[in-house]
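sharing a sequence plus its predicted fold:
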Amino acid sequence: MTDWIPPADPVAVEHGRELLAGAGSVTVLTGAGMSTDSGIPDFRGPQGLWTKNPKAERTSNIEYYVRDPEVRKLAWQGRIAWLEQPRPPNQGHFALVELERRGSLHTLVTQNVDGLHQAAGLSDDLVVEVHGTIHQVACLGCAARGPIEDALQRVRAGEEDPHCLDCGGLLKSATVSFGQSLDPGDLLRAEEAAEACDVLLAIGTTLSVYPIAAMVPIAQRAGARVVIVNAEPTEMDDLADVVIRGSISAVLPALLARP
(Lines give C-alpha, C1' and ligand atoms only; values in the text may rest on other atoms or scores of the structure.)
Protein backbone atom coordinates (compact mmCIF):
# COMPACT_ATOMS: atom_id res chain seq x y z
CA MET A 1 0.00 0.00 0.00
CA THR A 2 1.34 3.45 -0.93
CA ASP A 3 1.87 5.87 1.96
CA TRP A 4 -0.64 8.71 1.98
CA ILE A 5 0.88 11.99 0.79
CA PRO A 6 -0.72 15.24 2.01
CA PRO A 7 -2.02 17.66 -0.64
CA ALA A 8 0.47 20.19 -1.92
CA ASP A 9 0.51 23.79 -0.69
CA PRO A 10 -1.59 25.69 -3.26
CA VAL A 11 0.47 28.87 -2.75
CA ALA A 12 3.68 27.02 -3.64
CA VAL A 13 1.99 25.38 -6.64
CA GLU A 14 0.79 28.74 -7.95
CA HIS A 15 4.24 30.31 -7.49
CA GLY A 16 5.83 27.44 -9.37
CA ARG A 17 3.18 27.63 -12.12
CA GLU A 18 3.90 31.33 -12.62
CA LEU A 19 7.65 30.72 -12.90
CA LEU A 20 7.17 27.95 -15.46
CA ALA A 21 4.58 29.91 -17.45
CA GLY A 22 6.98 32.83 -17.77
CA ALA A 23 10.03 30.76 -18.69
CA GLY A 24 11.32 30.69 -22.22
CA SER A 25 13.50 27.66 -21.54
CA VAL A 26 12.85 24.92 -18.98
CA THR A 27 15.14 22.01 -18.14
CA VAL A 28 13.58 19.09 -16.26
CA LEU A 29 15.35 16.52 -14.09
CA THR A 30 13.36 13.45 -13.02
CA GLY A 31 14.14 10.64 -10.62
CA ALA A 32 12.51 7.47 -9.33
CA GLY A 33 9.64 9.31 -7.65
CA MET A 34 8.42 10.33 -11.09
CA SER A 35 7.34 6.77 -11.84
CA THR A 36 6.08 5.45 -8.51
CA ASP A 37 2.50 6.37 -9.43
CA SER A 38 2.93 4.17 -12.52
CA GLY A 39 3.49 1.20 -10.23
CA ILE A 40 7.29 1.26 -10.40
CA PRO A 41 8.74 1.14 -6.87
CA ASP A 42 11.93 2.95 -6.01
CA PHE A 43 14.97 1.00 -4.86
CA ARG A 44 15.77 2.03 -1.30
CA GLY A 45 12.49 3.38 0.07
CA PRO A 46 10.29 1.50 2.57
CA GLN A 47 8.67 -0.43 -0.29
CA GLY A 48 11.77 -0.36 -2.47
CA LEU A 49 12.92 -3.26 -4.64
CA TRP A 50 16.19 -3.66 -2.78
CA THR A 51 14.62 -3.08 0.62
CA LYS A 52 12.29 -6.02 0.06
CA ASN A 53 14.84 -8.21 -1.73
CA PRO A 54 18.47 -7.36 -0.88
CA LYS A 55 19.72 -10.09 -3.24
CA ALA A 56 18.24 -8.19 -6.16
CA GLU A 57 20.71 -5.35 -5.60
CA ARG A 58 23.50 -7.64 -6.82
CA THR A 59 21.92 -7.77 -10.26
CA SER A 60 22.60 -4.03 -10.56
CA ASN A 61 26.29 -4.33 -9.68
CA ILE A 62 28.47 -4.93 -12.73
CA GLU A 63 31.12 -6.80 -10.71
CA TYR A 64 28.65 -9.40 -9.46
CA TYR A 65 26.90 -9.51 -12.84
CA VAL A 66 30.07 -10.33 -14.78
CA ARG A 67 31.42 -12.76 -12.20
CA ASP A 68 28.38 -14.81 -11.27
CA PRO A 69 26.13 -16.59 -13.80
CA GLU A 70 23.51 -17.08 -11.09
CA VAL A 71 23.24 -13.31 -10.70
CA ARG A 72 22.78 -12.97 -14.47
CA LYS A 73 20.07 -15.65 -14.49
CA LEU A 74 18.28 -13.82 -11.68
CA ALA A 75 18.62 -10.56 -13.59
CA TRP A 76 17.07 -12.00 -16.75
CA GLN A 77 14.11 -13.39 -14.83
CA GLY A 78 13.69 -10.00 -13.18
CA ARG A 79 13.70 -8.25 -16.56
CA ILE A 80 10.99 -10.56 -17.86
CA ALA A 81 8.84 -9.97 -14.78
CA TRP A 82 9.41 -6.21 -14.95
CA LEU A 83 8.64 -5.78 -18.63
CA GLU A 84 5.64 -8.12 -18.71
CA GLN A 85 3.81 -6.09 -16.08
CA PRO A 86 1.87 -3.14 -17.59
CA ARG A 87 3.24 0.17 -16.31
CA PRO A 88 1.70 3.06 -18.24
CA PRO A 89 2.77 6.69 -17.89
CA ASN A 90 0.98 8.55 -15.12
CA GLN A 91 -0.61 11.99 -15.19
CA GLY A 92 2.70 13.56 -14.20
CA HIS A 93 4.38 12.17 -17.31
CA PHE A 94 1.57 13.44 -19.50
CA ALA A 95 1.65 16.87 -17.86
CA LEU A 96 5.31 17.37 -18.78
CA VAL A 97 4.42 17.02 -22.47
CA GLU A 98 2.80 20.45 -22.11
CA LEU A 99 6.26 22.01 -21.86
CA GLU A 100 7.17 20.63 -25.28
CA ARG A 101 3.85 21.83 -26.71
CA ARG A 102 4.63 25.33 -25.44
CA GLY A 103 8.05 25.19 -27.06
CA SER A 104 9.75 25.87 -23.73
CA LEU A 105 11.25 22.45 -22.96
CA HIS A 106 15.00 22.65 -23.46
CA THR A 107 15.90 19.14 -22.26
CA LEU A 108 14.49 16.50 -19.95
CA VAL A 109 17.18 14.59 -18.07
CA THR A 110 15.96 11.44 -16.38
CA GLN A 111 17.57 9.01 -13.97
CA ASN A 112 14.84 6.49 -14.84
CA VAL A 113 15.25 3.65 -17.33
CA ASP A 114 11.57 2.95 -17.95
CA GLY A 115 10.99 5.02 -21.11
CA LEU A 116 7.73 6.44 -19.74
CA HIS A 117 8.51 10.03 -20.76
CA GLN A 118 8.66 8.97 -24.40
CA ALA A 119 5.63 6.72 -23.94
CA ALA A 120 3.71 9.78 -22.72
CA GLY A 121 4.55 11.62 -25.92
CA LEU A 122 7.81 13.50 -25.37
CA SER A 123 10.14 13.62 -28.36
CA ASP A 124 13.02 11.21 -27.92
CA ASP A 125 15.59 13.82 -28.94
CA LEU A 126 14.63 16.00 -25.95
CA VAL A 127 15.16 13.19 -23.42
CA VAL A 128 18.54 12.27 -21.91
CA GLU A 129 18.45 8.88 -20.17
CA VAL A 130 21.58 9.15 -18.02
CA HIS A 131 21.13 5.65 -16.57
CA GLY A 132 20.25 4.05 -19.92
CA THR A 133 17.12 2.15 -20.87
CA ILE A 134 15.58 -1.19 -19.94
CA HIS A 135 14.10 -1.47 -23.43
CA GLN A 136 17.40 -2.30 -25.13
CA VAL A 137 20.07 -4.94 -24.62
CA ALA A 138 23.82 -4.28 -24.82
CA CYS A 139 26.79 -6.59 -25.23
CA LEU A 140 29.57 -6.08 -22.69
CA GLY A 141 32.05 -7.43 -25.25
CA CYS A 142 31.45 -5.74 -28.60
CA ALA A 143 28.93 -3.08 -27.46
CA ALA A 144 26.29 -4.29 -29.95
CA ARG A 145 22.78 -3.12 -29.05
CA GLY A 146 19.27 -4.16 -29.98
CA PRO A 147 15.72 -4.53 -28.64
CA ILE A 148 15.73 -6.33 -25.31
CA GLU A 149 12.71 -8.36 -26.42
CA ASP A 150 14.99 -10.34 -28.75
CA ALA A 151 17.03 -11.53 -25.77
CA LEU A 152 13.95 -12.11 -23.62
CA GLN A 153 12.52 -14.46 -26.24
CA ARG A 154 15.69 -16.54 -25.98
CA VAL A 155 15.35 -16.64 -22.18
CA ARG A 156 11.73 -17.76 -22.45
CA ALA A 157 12.87 -20.47 -24.85
CA GLY A 158 15.28 -21.86 -22.26
CA GLU A 159 18.52 -19.83 -22.45
CA GLU A 160 18.91 -18.78 -18.83
CA ASP A 161 21.97 -16.61 -19.53
CA PRO A 162 21.95 -15.53 -23.21
CA HIS A 163 25.21 -14.36 -24.78
CA CYS A 164 25.86 -12.07 -27.73
CA LEU A 165 25.21 -13.76 -31.08
CA ASP A 166 27.94 -11.65 -32.72
CA CYS A 167 30.90 -12.10 -30.37
CA GLY A 168 29.78 -14.44 -27.59
CA GLY A 169 30.08 -11.70 -24.95
CA LEU A 170 27.82 -11.22 -21.96
CA LEU A 171 24.51 -9.46 -22.55
CA LYS A 172 22.73 -7.15 -20.14
CA SER A 173 20.05 -4.53 -20.32
CA ALA A 174 21.35 -1.22 -21.69
CA THR A 175 21.16 0.32 -18.24
CA VAL A 176 24.04 1.73 -16.24
CA SER A 177 24.89 -0.59 -13.35
CA PHE A 178 26.90 0.20 -10.26
CA GLY A 179 30.52 0.07 -11.34
CA GLN A 180 29.81 1.31 -14.86
CA SER A 181 30.50 4.86 -15.99
CA LEU A 182 27.83 7.26 -17.14
CA ASP A 183 28.05 8.32 -20.77
CA PRO A 184 30.22 11.48 -21.03
CA GLY A 185 28.02 12.81 -23.82
CA ASP A 186 24.90 12.49 -21.66
CA LEU A 187 26.63 14.26 -18.77
CA LEU A 188 27.68 17.10 -21.05
CA ARG A 189 24.13 17.50 -22.37
CA ALA A 190 22.80 17.59 -18.80
CA GLU A 191 25.31 20.24 -17.74
CA GLU A 192 24.68 22.38 -20.81
CA ALA A 193 20.92 22.11 -20.30
CA ALA A 194 21.28 23.26 -16.68
CA GLU A 195 23.37 26.25 -17.76
CA ALA A 196 21.01 27.26 -20.57
CA CYS A 197 17.59 27.23 -18.87
CA ASP A 198 15.50 29.93 -17.23
CA VAL A 199 13.93 27.41 -14.84
CA LEU A 200 15.20 24.05 -13.64
CA LEU A 201 12.36 21.76 -12.57
CA ALA A 202 13.55 18.83 -10.43
CA ILE A 203 10.95 16.11 -9.86
CA GLY A 204 10.92 12.92 -7.82
CA THR A 205 14.59 12.89 -6.86
CA THR A 206 16.32 13.36 -3.52
CA LEU A 207 19.12 15.20 -5.35
CA SER A 208 21.73 13.21 -3.48
CA VAL A 209 23.33 11.25 -6.35
CA TYR A 210 26.15 12.97 -8.21
CA PRO A 211 27.10 14.09 -10.78
CA ILE A 212 23.48 14.57 -11.93
CA ALA A 213 22.43 16.30 -8.70
CA ALA A 214 24.94 19.02 -9.58
CA MET A 215 22.48 20.25 -12.22
CA VAL A 216 20.71 22.22 -9.49
CA PRO A 217 23.64 24.37 -8.31
CA ILE A 218 24.86 24.70 -11.92
CA ALA A 219 21.48 26.12 -12.95
CA GLN A 220 21.31 28.41 -9.94
CA ARG A 221 24.79 29.82 -10.57
CA ALA A 222 23.77 30.48 -14.18
CA GLY A 223 20.83 32.57 -12.97
CA ALA A 224 17.99 30.07 -13.36
CA ARG A 225 15.10 29.73 -10.95
CA VAL A 226 14.77 26.31 -9.31
CA VAL A 227 11.50 24.48 -8.64
CA ILE A 228 11.62 21.19 -6.72
CA VAL A 229 8.68 18.77 -6.60
CA ASN A 230 9.07 15.73 -4.34
CA ALA A 231 7.12 13.84 -1.72
CA GLU A 232 10.04 14.05 0.74
CA PRO A 233 12.70 16.65 1.57
CA THR A 234 15.69 16.75 -0.78
CA GLU A 235 19.36 17.57 -0.32
CA MET A 236 18.93 20.87 -2.18
CA ASP A 237 15.68 22.35 -0.91
CA ASP A 238 17.66 25.31 0.42
CA LEU A 239 18.74 26.19 -3.14
CA ALA A 240 15.20 26.20 -4.55
CA ASP A 241 12.99 29.18 -5.25
CA VAL A 242 9.94 26.94 -4.80
CA VAL A 243 9.65 23.59 -3.01
CA ILE A 244 6.43 21.64 -3.50
CA ARG A 245 5.60 18.58 -1.41
CA GLY A 246 2.94 16.30 -2.74
CA SER A 247 1.95 13.51 -5.10
CA ILE A 248 3.81 14.12 -8.35
CA SER A 249 0.98 12.84 -10.54
CA ALA A 250 -1.36 15.30 -8.81
CA VAL A 251 1.01 18.27 -8.57
CA LEU A 252 2.37 18.38 -12.12
CA PRO A 253 -0.99 18.75 -13.93
CA ALA A 254 -1.74 21.78 -11.72
CA LEU A 255 1.80 23.13 -12.03
CA LEU A 256 1.76 22.92 -15.83
CA ALA A 257 -1.84 23.92 -16.48
CA ARG A 258 -2.15 26.35 -19.36
CA PRO A 259 -1.91 29.96 -18.12
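In hand now; what should we look at? Residues are numbered from 1 along each chain as shown.

ok, residue 135 - contacts?
83, 115, 147-148, 174 (CB atoms under 8 Å, 6 or more residues apart in numbering). For the C-beta atoms, the positions are set from N, CA and C on the backbone; glycine is no exception.

which SS class is it?
Classification of residue 135 by DSSP: H, G, I helix; E, B strand; the rest coil places it in strand.

do residue 113 as well
What three-state DSSP gives for residue 113 is coil.

list the residues that contact it.
Counting by CB under 8 Å, 6+ apart, residue 113 touches 129, 131-134, 173, 175.

report the separation between the nearest residue to residue 116 once chain neighbours are set aside and residue 233.
Distance criterion CB to CB, 6 or more residues apart in numbering; nearest residue to residue 116, sequence neighbours excluded, is residue 89 at 4.5 Å. Residue 89 sits 26 Å away from residue 233, going by CB to CB, to the nearest Å.

neighbour count for these two, which is higher?
residue 89 (24 against 12; other CB atoms under 10 Å).

separation between that one and residue 30?
According to CB to CB, residue 89 and residue 30 sit 12 Å apart.

now for these two: what residues contact both?
Counting by CB under 8 Å, 6+ apart, the residues touching both residue 89 and residue 30 are residue 117.

low-confidence ranges, the stretch 151-259 of the chain, go.
259 (pLDDT under 70).

tell me the helix or strand right after the longest helix anywhere in the chain.
Determined from DSSP state H, the single longest helix within the chain is helix 69-84. Heading C-terminal from helix 69-84, the first helix or strand you meet, by DSSP states H and E, is helix 91-102.

after that next one, next one along is what?
Scanning onward from helix 91-102 (DSSP H and E), the first element met is strand 105-110.

the strands in the protein, which residues?
Assigned by DSSP state E, the strands in the chain fall at 26-30, 105-110, 127-129, 132-139, 145-147, 171-175, 199-203, 225-230, 242-245.

ok, back up a step: got a pLDDT number for the residue nearest to residue 116?
pLDDT recorded at residue 89 is 96.

do you have the helices of the stretch 151-259 of the chain handy? List them.
With helices called from DSSP state H, counting those that start in this stretch, the stretch 151-259 of the chain shows them at 184-196, 215-221, 248-255.

and the second one, what does it pack onto?
Yep, that's helix 215-221 we're talking about. Judged by 3 or more CB pairs under 8 Å, 6 or more residues apart in numbering; DSSP states H and E, the packing partners of helix 215-221 are strand 26-30, helix 184-196, strand 199-203, strand 225-230.

can you list the residues that contact the longest one?
Outside of helix 184-196, the residues within contact range by CB under 8 Å, 6+ apart are 25, 27, 29, 106-107, 109, 128-130, 200, 211-212, 214-216, 218-219, 222, 224.

what angle do it and strand 105-110 make?
Orientation note: helix 184-196 sits at an angle of 130 degrees relative to strand 105-110 (axes from the mean of the first three to the mean of the last three CA atoms, to 10 degrees).

what residue in the protein is the furthest from its centre?
Largest separation from the mean C-alpha position in the chain: residue 158, at 31.2 Å (CA atoms, centre = their mean).

residue closest to the middle of the protein?
residue 112 (1.9 Å).

which one of the strands of the chain lies nearest to residue 38?
Ranking those by their distance to residue 38 (criterion: CB to CB) puts strand 26-30 first, at 11.9 Å.

what residues sit buried inside the closest one?
26-30 (16 or more other CB atoms under 10 Å).

tell me which residues touch the closest residue to residue 110 other than its chain neighbours, please.
Of all residues not flanking residue 110 in the chain, residue 30 sits nearest, at 4.6 Å (CB to CB, 6+ apart). Counting by CB under 8 Å, 6+ apart, residue 30 makes contact with 108-112, 117, 202-205.
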